[in-house]
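Enquirer: Need coordinates for the below:
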Amino acid sequence: MLHRREHNWLSSSMHRSPSLEEQQELVELFRRLNSARRPAATDVAQLSDLSRTLVPTLQELWASSPLSTRRYLISLMEEMAESNVELNFRRVFEVALHDPDPEVRAHAVSGLWEEDDPRLLDRLLDLLPNEDAERVREAIAVALSRFSYLASLDQLDEPRARRLRHTLFALAREDAALAVRRRAVEAIGYYGDDPDAVELIAEAYDAAEHELRVSAVYAMGRSLDRRWLPHLLAELESEEPELRFEAARACGELGAQEAVDHLIALVGDPDREVQAAAIGALGQIGGPVAINTLRRLARSADPVVREAAEEALTQAVYEADPLRPGPWP
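Expert: Residues are numbered from 1 along each chain as shown. Now for the predicted structure:
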C-alpha cells in the first residue's frame with residue numbers, strides 16, 4: 001500500500017526505508033499519470049497520505065514528469081483537497097514547493113494552507129528571500145496568515161513569532177508587488193490592537209490603491225478591534241462592491257449590532273456576493289432583529305437568498321441558545 005496516515009511531520013516511519021513494493025507502486029502510478037491526457041481522479045487520489053519514506057522516490061518521479069502533467073496534477077490536487085477533507089496531498093505539495101515552475105510552486109503553497117506545523121512556517125520564510133515570482137510570493141503571504149493567527153493566540157514560540165512579524169511588516173511596507181503587500185496587510189490584521197498593526201492598517205486604508213483599501217477593510221475584520229467600526233459602517237455604503245463585501249464580512253466578525261440595519265439594506269444589493277456577505281454577517285451578529293430578518297429571508301422565493309439565510313439563521317440561533325434543536329419557530 002502507498003498510503004500511510006501520518007499526522008506529524010516527523011514520525012517513526014522516516015527511520016525505515018520504503019519497501020520495494022511501495023516504490024514500484026508509486027512508479028507505476030506515475031507511469032499512468034504521465035501517460036494519460038487527463039489523469040483520472042481515482043489515480044490522483046492515490047497520491048494522498050503518502051508515507052514520508054517515499055519522499056525521495058516521489059522527488060525523482062515528480063522532477064521527471066512533464067510540466068503539463070505537474071501543472072495539471074498540482075491544480076487538481078488542490079481542488080480535490082478543498083472539496084474532500086479526507087484527502088491529504090501534503091507530501092506532494094512539500095516536494096512541489098521546489099518545482100522550477102512558479103505556477104506549480106504557487107499551487108503547492110496554496111495546497112498547504114491548512115498545515116499549521118511551525119516547521120512549515122520555517123520553510124516558507126526560508127523560501128521568500130530567493131523567490132522572484134510574484135504569484136508565489138503572494139501565495140506565501142496568504143499562507144502566513146494562518147501563522148499570524150496562531151501568533152495572536154500565543155501558539156507560536158517567541159523566535160518564530162518574532163521572525164514572522166518582521167517578515168510580514170517588511171512585505172507590507174517594502175515589497176515591490178502590490179499583490180504581496182496587500183496579502184501581508186491582511187495577515188497583519190490578526191495582530192489586533194497592536195499599535196504597529198493599527199498604524200499599518202490605517203496607512204493601507206488611506207492608500208491610493210483600491211486593492212490596498214480592500215485588504216485594509218478585510219484586516220479590520222480580522223483585528224476584532226471596534227475602533228474600525230466607523231470606517232466599516234461607511235464602507236457598507238461604498239460605491240465599490242468589493243468594499244461593501246469586505247465591510248459586511250468585517251462587521252460580522254466584530255459582531256457589530258450597530259451594523260444590523262445597514263446589513264439588512266444590503267440584502268437587496270445588486271451584487272450577489274455582497275448579498276451573501278450581508279446575510280452571513282447577520283447570522284454572526286445575531287439578536288432579535290437579525291434573527292427575525294433571517295427567518296423572513298429563509299422563506300424567500302430566491303433559492304440563493306433562501307439557502308444563505310437558512311445557514312445564517314442556524315448559526316444565529318445556535319449562538320443565542322446552543323441547546324435549541326433548530327432555528328425554526
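Enquirer: what residues go with each domain of the protein?
Expert: For the chain, automatic domain parsing gives the domain ranges 1-114, 116-224.
Enquirer: Gln275: which of these is closest?
Expert: domain 116-224 (17.6 Å; CB to CB). Glycine gets a C-beta too; all of them are placed from N, C-alpha and C.
Enquirer: one step back: tell me the most buried of the domains of the chain?
Expert: Of all the domains of the chain, domain 116-224 carries the top mean neighbour count, a mean of 19, counting by mean count of other CB atoms under 10 Å.
Enquirer: what about it, distance to the chain center?
Expert: Mean-position distance between domain 116-224 and its chain equals 13 Å (CA atoms, centre = their mean, to the nearest Å).
Enquirer: cool, stretch 77-90 as well?
Expert: On CA atoms, centre = their mean, the centre of stretch 77-90 falls 14 Å from that of its chain.
Enquirer: Which phi and psi values does Ala108 adopt?
Expert: phi -60, psi -40 (degrees, to the nearest 10).
Enquirer: oh, I was asking about Leu50
Expert: According to degrees, to the nearest 10, Leu50 has phi -70, psi 150.
Enquirer: how much space between the nearest residue to it once chain neighbours are set aside and Gly192?
Expert: Distance criterion CB to CB, 6 or more residues apart in numbering; nearest residue to Leu50, sequence neighbours excluded, is Arg91 at 4.2 Å. Separation of Arg91 from Gly192 (CB to CB, to the nearest Å): 35 Å.
Enquirer: now swap in Gln257 and tell me
Expert: Gln257 is 20 Å from Gly192, where distance means CB to CB.
Enquirer: likewise Ser83?
Expert: Look at Ser83 and Gly192: by CB to CB, they are 32 Å apart.
Enquirer: repeat for Ser223
Expert: In terms of CB to CB, Ser223 sits 5 Å off from Gly192.
Enquirer: ok, now which ones touch the spatially closest residue to Asp157 that is not a sequence neighbour?
Expert: Leaving out its chain neighbours, the residue that sits closest to Asp157 by CB to CB, 6+ apart is Pro118, at 7.1 Å. With contact set as CB atoms under 8 Å, 6 or more residues apart in numbering, Pro118 has these partners: Phe147, Leu156, Asp157, Arg160.
Enquirer: Quick check: the farthest pair among those?
Expert: Greatest spatial distance among the contacts of Pro118 (CB to CB): Phe147 and Asp157, at 11.4 Å.
Enquirer: show me what contacts Leu47?
Expert: By CB under 8 Å, 6+ apart, the contact list for Leu47 reads Leu29, Leu73, Met77, Phe89, Arg91, Val92.
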